[in-house]
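Visitor: Pasting the sequence and the predicted coordinates here, then a few questions.
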Amino acid sequence: MCTFFIMSGYLCAIKPLSLIRAGNPDEARTLIARKAFRRYLCLGIPATVATIISWLMTQIGAFKLSTSLPPWIWLHFHSGYASPTWGAAFKELRHAIVQFICFALLKVSCILLRMMVKRGVLEETITRGFNGLWQSLYMAR
């Protein structure tokens, strides 16, 4: 898995690096942003599908044999238990998917904020916003 992440990161960086060397940094930035967004989708969609498949297998009883093992065996400990009803099961699945999406959006937001801070865009925007706020409050008096 580590090799996959290293290779996919390298492959995502080849084209932007060549664009930067060719003197097109703006085009390289847009390409990096596009590839970063696509990378989250390419990694997130298969993970979500795998989660749904394992959830479905748990609900139909595919892991009952592993949960019948003694509790000190790792397979018993890491196997899921079926929910009491399908309604509760769908509620748990929805909760897990929403939690994953929120985490992914939070991660992307943190990356974008870091990029904005490095470029100085965020400080300029905040300063401009605060100056506008102070001016509107001062003029309202």
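Guide: Thanks, I have the structure now. Numbers count the residues shown, from 1 in each chain.

Visitor: Tell me where this protein has helices.
Guide: 2-21, 25-59, 64-67, 74-78, 86-119, 121-140 (DSSP state H).

Visitor: Buried ones in the third one, by neighbour count?
Guide: Going back to what we said before, that points to helix 64-67. Neighbour-count burial for helix 64-67 flags Thr67 (criterion: 16 or more other C-beta atoms under 10 Å). No exception for glycine: its C-beta is placed from N, CA and C like everyone else's.

Visitor: And stretch 9-23, what's buried?
Guide: In stretch 9-23, counting by 16+ other C-beta under 10 Å, buried: 12, 16, 19.

Visitor: Let's see that stretch as CSV, backbone CA atoms only.
Guide: C-alpha atoms of stretch 9-23 as CSV (Å, rounded to 0.1, in the frame of the first residue of the first chain):
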residue,chain,number,x,y,z
GLY,A,9,2.1,10.7,-5.8
TYR,A,10,5.1,10.5,-8.2
LEU,A,11,2.9,10.0,-11.2
CYS,A,12,0.7,13.0,-10.1
ALA,A,13,3.7,15.2,-9.9
ILE,A,14,5.4,14.4,-13.2
LYS,A,15,3.3,16.7,-15.5
PRO,A,16,3.2,19.7,-13.1
LEU,A,17,7.0,19.5,-12.6
SER,A,18,7.5,19.6,-16.4
LEU,A,19,5.1,22.5,-16.7
ILE,A,20,7.0,24.4,-14.0
ARG,A,21,10.3,23.8,-15.7
ALA,A,22,8.8,25.0,-19.0
GLY,A,23,7.8,28.3,-17.3
